[in-house]
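Visitor: Fold the stuff below for me.
(one chain, ligands or ions: 1)
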Amino acid sequence: MTSRLRLTVDGPPAAPVLVLGSSLGTAAAMWEPQVPVLAQRFRVIRYDHLGHGGSAVPPGPYTLDLLGRELLRTLDDLDVPWVHYAGLSLGGMVGMWLAAHAPDRVRRLALLCTSASLGPAEQWRARAATVRAEGLPAIADAVVARWFTPAFAAARPAVVAAHRAMLTANPPAGYAACCEAIVTMDLRPDLGRITAPTLVIAGADDPATPVAHAREIVGRVPRARLAVLDAAAHLANVEQPEQVCRLLLQHVDEERGAG
Ligand SMILES: O=C(O)CC1=CCC(=O)O1
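Guide: Model (predicted):
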């Protein structure tokens, strides 16, 4: 079966695979600050979630199980036996699902600005309903305000505008269906089954998935450690690109050191 996910692939074909999962409302381009560096060492495979970017938009609501199985099927199609995985927010949720349900497929896991359970459910249902009725511009200002700190937004308005455009370019039905996946998501009981060494990165100023959510993941995943980035809101990889690259490379290099 051909994958329903749009893939963006960079780096040497024979290098170890690093999969990057993006946040709700973004697409592969979210990872542009990291790809030039990471693709020197890895076969970097970025995917757009179902309902996002250039991926298929099957009818919603979606579940984390659906999003995770879609990625797993894609890795099967590509004949990739194992990967390193880094995901931010919704991308991190899929990463937790994958590492818990297919532990032999994930060697090193990095979870950025994410949560294992993200309420209140009513808020996500309301967001999905608004987007279905009025489109993504209706929620864009509020969402983008959580993506960047005020200082970054003031200093880099073009970056903020580009990410806002990425958000509003998504199909409303697909975005809403992914909001509904968050409504029903509770990965907390699964976290104890993750065997991959896990780096959890939080933005100190992230109002969407606060540091406490990262601490909860670290408390439940057996081999996890936490890094908190100062001056970073939700899209911490955009706001602190070098630090995120350094942390990801260090995390994977620990495996090489362990032999
Ligand atoms: O869109 C938000 O408010 C923040 C968010 C939650 C999951 C995700 O990927 O982004």
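
Visitor: quick one, strands of the stretch 51-200 of the chain?
Guide: For the stretch 51-200 of the chain, the strands identified by DSSP state E, counting those that start in this stretch occupy 83-88, 106-112, 198-203, in order along the chain.

Visitor: For the residue of the stretch 101-250 of the chain found nearest the ligand, give me its contacts.
Guide: Using C-beta to the nearest ligand atom, residue 208 is the residue of the stretch 101-250 of the chain that sits closest to the ligand, at 3.7 Å. Glycine gets a C-beta too; all of them are placed from N, C-alpha and C. For residue 208, the residues meeting the contact criterion (C-beta atoms under 8 Å, 6 or more residues apart in numbering) are 89, 113, 146, 147, 233, 234.

Visitor: can you do 10 Å?
Guide: 23-24, 89, 113-115, 118, 143, 145-147, 233-235 (C-beta atoms under 10 Å, 6 or more residues apart in numbering).

Visitor: Next, find the distance separating the residue nearest to residue 103 when sequence neighbours are not counted from residue 251.
Guide: Distances taken as C-beta to C-beta, 6 or more residues apart in numbering place residue 195 nearest to residue 103, at 4.5 Å, with adjacent residues excluded. Separation of residue 195 from residue 251 (C-beta to C-beta, to the nearest Å): 15 Å.

Visitor: Tell me which of these two has more neighbours.
Guide: For residue 195 versus residue 251, neighbours defined as other C-beta atoms under 10 Å are more numerous around residue 251 (20 against 16).

Visitor: The more buried one reaches residue 197, doesn't it?
Guide: Yes: with contacts counted by C-beta atoms under 10 Å, residue 251 reaches residue 197, the gap being 7.5 Å.

Visitor: follow-up on the earlier one: so the residue nearest to residue 103 versus residue 222, what's the distance?
Guide: From residue 195 across to residue 222, the span is 7 Å (C-beta to C-beta).

Visitor: thinking again about what came up before, who are the contact partners of the residue nearest to residue 103?
Guide: Remark: with contacts taken as C-beta under 10 Å, 6+ apart, residue 195 is in contact with 99, 100, 103, 104, 106, 107, 109, 221, 222, 223.
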